[in-house]
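**Student:** Predicted coordinates and the sequence they were generated for:
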Amino acid sequence: MLINGASLTLARFLQFTSAPWYLLAMAYWYAAAPLLVRLGWKRGMALALALSYASGFLDLSDGLLAISRSLAFLPWFAAGLYCPVERVVALKESRSRPVRATLAAAVVLAAAIALARVLDTRAYDWFFQMVYGDNPYRALPLDLLGKTVAAAIALVFSAAVLRLIPSRRSWLTVLGERTLGIYVGHRLIRAWLTFRTPLYEQAVLLDPLWGTLIVLGLSAIIVAACSMPVLTDGLNRILRHRWLPEGGEKRS
């Protein structure tokens, strides 16, 4: 807020319209985890999907306590809860021909979806607003269909990433381990460049070649800076701190 020059009011403090919404949503999701576990994956996923689709009928696009996005993306947290890392690893390393063929097909389909967007920047305008999770339905039933299509595409790309991600530790997996720090940190840097510098007013950024090279180079520098251990380790220590005792532990 200080970087953007926004008013430091109570109402503004309660609005999460940018990257920090995810941190607040995680608090909600973890609080809901015992209920989801108790329900089991079938009823739990059904409840999560029902809440996700129902959230679109409320206009919470102002980001109030990140409620809209927390509900919209709850099914993804629930899916991760019901499908632990071990199962994901087993799926990636599976020698089953149908599994490997499905993952390979996801790579091809994801590439086709991305290429269609490159060839026509407006190809997905009809549903793209549903991707953000905080936009209410404006046109029914088209927006309901759009939300479903967006989720399906997300599943395709997730499967493609699972197929392409290296099994051994590499610079790419290190970036993956530090994603949260990059996700949070780059937004602050981008806000500073947007609101506190004339960078985006430079005509050279509109040049197809030099503008692209400058943005890519600057992006690489920002990713490298935000992935430094001194930053990511500190953030991880805060996020991994156990604020509440586990079940069975004695409370002092």
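**Tutor:** Happy to help now that I have it.
**Student:** so where do the helices sit in the stretch 1-150 of the chain?
**Tutor:** With helices called from DSSP state H, counting those that start in this stretch, the stretch 1-150 of the chain shows them at 10-13, 21-55, 67-72, 74-82, 85-92, 97-119, 125-128, 142-164.
**Student:** Determine which of the ones you listed approaches residue 215 most closely.
**Tutor:** Set against residue 215 and scored by C-beta to C-beta, the helices of the stretch 1-150 of the chain come closest in helix 97-119, at 15.7 Å. In this view, the C-beta of every residue, glycine as well, is placed from N, C-alpha and C.
**Student:** Only alpha carbons, please: show that closest one as PDB.
**Tutor:** Backbone C-alpha positions of helix 97-119 (Å, rounded to 0.1, in the frame of the first residue of the first chain) are rendered in PDB as follows:
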ATOM      1  CA  ARG A  97       1.500 -46.900 -20.700                       C
ATOM      2  CA  PRO A  98      -2.000 -45.300 -20.300                       C
ATOM      3  CA  VAL A  99      -0.700 -42.900 -17.700                       C
ATOM      4  CA  ARG A 100       2.400 -41.900 -19.700                       C
ATOM      5  CA  ALA A 101       0.300 -41.500 -22.800                       C
ATOM      6  CA  THR A 102      -2.200 -39.300 -20.900                       C
ATOM      7  CA  LEU A 103       0.600 -37.000 -19.600                       C
ATOM      8  CA  ALA A 104       2.200 -36.800 -23.000                       C
ATOM      9  CA  ALA A 105      -1.200 -35.900 -24.600                       C
ATOM     10  CA  ALA A 106      -1.500 -33.200 -21.900                       C
ATOM     11  CA  VAL A 107       1.800 -31.600 -23.000                       C
ATOM     12  CA  VAL A 108       0.600 -31.500 -26.700                       C
ATOM     13  CA  LEU A 109      -2.800 -30.100 -25.800                       C
ATOM     14  CA  ALA A 110      -1.200 -27.500 -23.500                       C
ATOM     15  CA  ALA A 111       1.100 -26.400 -26.200                       C
ATOM     16  CA  ALA A 112      -1.800 -26.100 -28.600                       C
ATOM     17  CA  ILE A 113      -3.800 -24.000 -26.100                       C
ATOM     18  CA  ALA A 114      -0.800 -21.700 -25.500                       C
ATOM     19  CA  LEU A 115      -0.200 -21.400 -29.300                       C
ATOM     20  CA  ALA A 116      -3.800 -20.400 -29.900                       C
ATOM     21  CA  ARG A 117      -3.400 -17.600 -27.400                       C
ATOM     22  CA  VAL A 118      -0.200 -16.400 -29.100                       C
ATOM     23  CA  LEU A 119      -1.800 -16.400 -32.500                       C
END
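**Student:** ok, and for the worst-scoring helix or strand of the chain on mean pLDDT, which residues are buried?
**Tutor:** Counting by mean pLDDT, DSSP states H and E, the chain has its least confident helix or strand at helix 229-240, which shows a mean of 81. Of all the residues in helix 229-240, those buried under the rule 16 or more other C-beta atoms under 10 Å are 231, 232.
**Student:** I'm done for today, thanks for sticking with me.
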